[in-house]
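Peer 1: make a model of this:
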Amino acid sequence: MSRYIRPRRPGARIFFTVTLAQRGSNMLVREIARLRRAVQTTRAERPFEIEAWVVLPDHMHCIWVMPEDDADYSTRWRLIKSRFSRELPKGQTRPSHEARQERAIWQRRFWEHHIRNDADLAAHIRYCWMNPVKHRFVNTPDAWPYSSVHHDPRYTPGADRT
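Peer 2: Model (predicted):
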């Protein structure tokens, strides 16, 4: 079994990519209310700030700011994923899923990047905003309904036209 060594920096600002096991699915947008409840419940128990978030049909990107005394983002992701998945039908499972009591809805891990400076933060926020455009779901970031761009005063409509 692989052991992943992840940075442990309380108060860190972190960019994440989290993906469904079945690429090409539309489950995240189809079940957006369930995802929002899972995030809200988890944040109530284990707070973190949301700097940016975009949900696409089969994956999502976000930037969190961890509390000054806490670096445990892995537990938060485990809780969000399990709360989201709990009442959904199982995906196509393998014996390894059964052994871990997984529902085979999510890819097992997530990708994370600790933000280094203001320029890195700006680039990753823009990445969140532009991802629905990159995937050709919409022509402008503010046309995608599942994005924090709608609540971000840093976004200027029309400034990111490509």
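Peer 1: give me the contact list for the lengthiest helix in the chain.
Peer 2: If you go by DSSP state H, the chain has its longest helix at helix 118-134. With contacts defined as CB atoms under 8 Å, 6 or more residues apart in numbering, helix 118-134 is touched by 13, 15, 51-54, 56, 61-63, 113, 115, 138-141, 143-144, 146-149, 152, 154-155, 160, 162. Using the backbone N, CA and C atoms, a C-beta is placed for each residue, glycine as well.
Peer 1: quick one: the strands in the chain?
Peer 2: Secondary structure of the chain by DSSP state E: the strands cover 13-19, 49-55, 59-65, 111-114.
Peer 1: turn those into JSON lines, columns for distance to residue 83.
Peer 2: JSON lines is the format used below for the strands of the chain (distance: least, CB to CB, whole Å):
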{"stretch": "strand 13-19", "distance to residue 83": "13"}
{"stretch": "strand 49-55", "distance to residue 83": "15"}
{"stretch": "strand 59-65", "distance to residue 83": "15"}
{"stretch": "strand 111-114", "distance to residue 83": "20"}
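Peer 1: residue 105 is in contact with residue 85, correct?
Peer 2: Yes: between residue 85 and residue 105 there is a contact at 4.5 Å, judged by CB atoms under 8 Å.
Peer 1: which secondary structure element of this protein has the lowest mean pLDDT?
Peer 2: Least confident helix or strand, the chain: helix 95-100 with a mean of 49, by mean pLDDT, DSSP states H and E.
Peer 1: hang on, the earlier thing: list only those of the contacts of helix 118-134 flagged as buried.
Peer 2: Listed as buried from the contacts of helix 118-134 are 13, 15, 51-54, 56, 61-63, 115, 140-141, 144, 146-149, 152, 155; burial here means 16 or more other CB atoms under 10 Å.
Peer 1: hang on, the earlier thing: report the inter-axis angle for the longest helix of the chain versus strand 59-65.
Peer 2: Orientation check (axes from the mean of the first three to the mean of the last three CA atoms, to 10 degrees): helix 118-134 against strand 59-65 gives 160 degrees.
Peer 1: tilt between helix 118-134 and strand 13-19?
Peer 2: Helix 118-134 and strand 13-19 are oriented at 20 degrees to each other (the same axes, to 10 degrees).
Peer 1: now do helix 118-134: distance to the chain's middle.
Peer 2: Relative to its parent chain, helix 118-134 has a centroid offset of 13 Å by CA atoms, centre = their mean, to the nearest Å.
Peer 1: swap in stretch 51-62?
Peer 2: Relative to the chain's own centre, stretch 51-62 is displaced by 5 Å; criterion: CA atoms, centre = their mean.
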